[in-house]
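Asks: model this:
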Amino acid sequence: CPKRPKAYVVSRWDNDGFSRGAYSFCSPAATPEDFEELGRPVDDVLFFAGEATTAAHPATVHGAYLSGIREANRISKTCGIERCERKPRHPKS
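Replies: As a prediction, this is how the structure comes out:
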């Protein structure tokens, strides 16, 4: 990757004394564009994931997970790597 990360942050909100596992609140006046703005990268060097960055699944674990995949793909694209696809796992018959 031509742009190696200098640092990264992984939050541990379940251990954070201030949030204690909190999640975002969606105001009745919120629009899908508000979520998109929260998830918009800055100059392709600062990326944001989390359940507050997806209008499709706000305030949910799967929204946080899917936004992480979205950002992994964005980061991969800046490195010239093809899109990361997760193949579904099927139980063996």
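Asks: check contacts around residue 53.
Replies: Applying Cβ atoms under 8 Å, 6 or more residues apart in numbering, one finds that residue 53 lies in contact with 35-36, 38-39, 67. From N, CA and C alone the C-beta is placed, and that goes for glycine too.
Asks: sec struct for the residue positioned nearest the centre of the chain, please.
Replies: The geometric centre of the chain, computed from its C-alpha atoms, lies nearest to residue 49 (Cα atoms, centre = their mean), at 2.2 Å. Secondary structure for residue 49, judged by DSSP: H, G, I helix; E, B strand; the rest coil, is coil.
Asks: and the lengthiest helix in the chain, how far out from the chain middle?
Replies: When the chain is parsed with DSSP state H, its longest helix is helix 61-78. In this view, helix 61-78 has its centroid 5 Å away from the chain centroid, taken as Cα atoms, centre = their mean, to the nearest Å.
Asks: please work out how many residues are found near residue 24.
Replies: Taking other Cβ atoms under 10 Å as the criterion, the count of residues near residue 24 is 18.
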